[in-house]
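Undergrad: kindly generate the corresponding structure for this input.
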Amino acid sequence: MAHFALLNENNIVTFVTVGRDEDDGKEAELNARTGQVYRQTSYNTRGGVYYTPNTNEPDPDQSKAFRKNYAGLGYTYDEVIDGFVPPKPYPSWLLNTTTGLWDPPVPYPTDGKRYEWDEDTQSWVEIPDPAA
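TA: So this is what the prediction gives:
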C-alpha cells in the first residue's frame with residue numbers, strides 16, 4: 001500500500017495519506033493530477049532501515065528501505081539525502097545523512113539509566129528514578 005506526504009513550499013510535511021496502490025512509484029503523475037507536491041514515504045522505514053511489517057525486526061531485504069524515515073507532520077523532505085527528517089530537537093545536534101535522524105554531539109550513555117539532553121551544558125543529565 002502506497003503512502004504519500006504532502007509538502008508545502010518549504011518541503012515541510014503537512015499531511016500524510018494512504019494513496020492508491022496504482023500510485024505506487026508514480027509521484028510525478030500524482031503531483032500532476034493533484035497540482036500539489038507529494039513524496040512517497042515508506043511506512044516501515046525508520047533510521048534508514050526497513051523493518052518487516054508488524055515486527056520490530058530489520059527485514060533481510062534492505063532494498064525496501066525508502067527515504068530514511070516514514071514521513072510525519074512537521075518533518076522536512078531533504079532533497080539532498082532524498083529522505084524525510086524529523087524536526088531538529090536541539091541546535092547542537094547534527095543531521096546523520098545515513099539515517100535521516102539527528103545525532104547529539106555526545107553519545108547517549110549506555111549504562112541502562114534514563115537521561116535527558118541539557119543543551120546549556122551540552123551533556124546528558126540523569127533522570128532520577130521516581131521509584132527509588
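
Undergrad: what about Ala131, how many residues nearby?
TA: Taking other C-beta atoms under 10 Å as the criterion, the count of residues near Ala131 is 4. Quick note: C-beta positions are derived from backbone N, CA and C, even for glycine.

Undergrad: the closest residue to Ala71 other than its chain neighbours bridge partners, please.
TA: Leaving aside its sequence neighbours, Ala71 sits nearest to Ala5 (C-beta to C-beta, 6 or more residues apart in numbering; 3.6 Å). Ala5 forms beta bridges with Val16, Arg39, as assigned by DSSP bridges.

Undergrad: ok, now which ones touch Ala5?
TA: For Ala5, the contacting residues are Val13, Phe15, Val16, Tyr38, Arg39, Gln40, Thr41, Ala71, Tyr75, Tyr77, Phe84, by C-beta atoms under 8 Å, 6 or more residues apart in numbering.

Undergrad: what subset of those residues is buried?
TA: For the contacts of Ala5, a neighbour count by 16 or more other C-beta atoms under 10 Å gives the buried set as Val13, Val16, Tyr38, Arg39, Gln40, Thr41, Ala71, Tyr75, Tyr77, Phe84.

Undergrad: what's the mean pLDDT across stretch 5-20?
TA: Across stretch 5-20, pLDDT averages out at 93.

Undergrad: report the buried residues of that stretch.
TA: The neighbour-count check on stretch 5-20 (16+ other C-beta under 10 Å) flags Ala5, Leu6, Leu7, Asn11, Val13, Val16, Gly19 as buried.

Undergrad: same check on stretch 117-132?
TA: Neighbour-count burial for stretch 117-132, counted by 16+ other C-beta under 10 Å, picks out Trp117, Trp124.

Undergrad: again with stretch 107-118
TA: Residues of stretch 107-118 classed as buried under the neighbour-count rule (16+ other C-beta under 10 Å) are Trp117.
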